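[1] Build me a model from this:
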Amino acid sequence: MKRRVVLDTGPLVAFLDRRDRFHGWSVAQWGEVEPPLFTCESVLSEACYLLASSGLESASVPELVARGVVALTYRVDGDAELLAKLMKKYARVPMSLADACLVRMIEGLPQSEIMTLDSDFRIYRKHGRRIIRAIMPG
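    Just a heads-up that it's a prediction; the model follows:
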């Protein structure tokens with residue numbers, strides 16, 4: 001069965017930024033996954049912002065979508081109330097909108113795992129109390 005990998009902002013930025021300390025790790029992980037990697041618009045927005053803030057070209061982010069390497073498979077408008085509920089539940093972490101979207105995506109993609117640099121995904125749970133399988137360094 002094909003791996004279903006949900007992509008967080010950190011590995012996306014690290015993949016595109018050769019100066020990032022996780023660049024090598026991210027490139028290696030992307031090499032082990034058959035496209036597409038699934039994500040949401042919030043992650044793309046975060047990645048573009050972070051790349052531009054570092055003086056890098058952010059156009060490579062939507063180019064990955066155009067090439068089918070990354071796929072947008074989630075819309076906020078269908079889950080707005082559930083996203084707000086998740087963000088309130090994890091307010092002490094705190095949970096960003098992007099993280100809430102990724103948790104909802106994982107809940108909707110059976111046997112999926114998240115590629116992330118964010119240790120908060122060790123705290124977040126899918127379907128209330130189930131551990132989220134994560135691909136992360138260390």
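[2] Distance across stretch 70-80, terminal residue to terminal residue?
    End-to-end distance for stretch 70-80: 23 Å, by Cα to Cα, to the nearest Å.
[3] And the average pLDDT for that stretch is what?
    What stretch 70-80 shows for mean pLDDT is 93.
[4] Repeat that for stretch 45-56.
    97.
[5] which parts of that stretch are buried?
    By neighbour count on 16 or more other Cβ atoms under 10 Å, the buried set for stretch 45-56 is Glu46, Ala47, Cys48, Leu50, Leu51, Leu56. Where you see a C-beta, it was placed from the backbone N, CA and C, and this is true even at glycine.
[6] With stretch 116-136 instead?
    Buried residues in stretch 116-136 (16+ other Cβ under 10 Å): Thr116, Leu117, Asp118, Phe121, Tyr124, Arg125, Lys126, Ile132, Ala134, Ile135, Met136.
[7] Would you state the predicted confidence (pLDDT) at the fifth one?
    Looking at Tyr124, its pLDDT reads 97.
[8] Assign a three-state SS to the nearest residue to it once chain neighbours are set aside, would you?
    Closest residue to Tyr124 apart from its sequence neighbours, by Cβ to Cβ, 6 or more residues apart in numbering: Val103 at 5.4 Å. At Val103 the chain is in helix, as set by DSSP: H, G, I helix; E, B strand; the rest coil.
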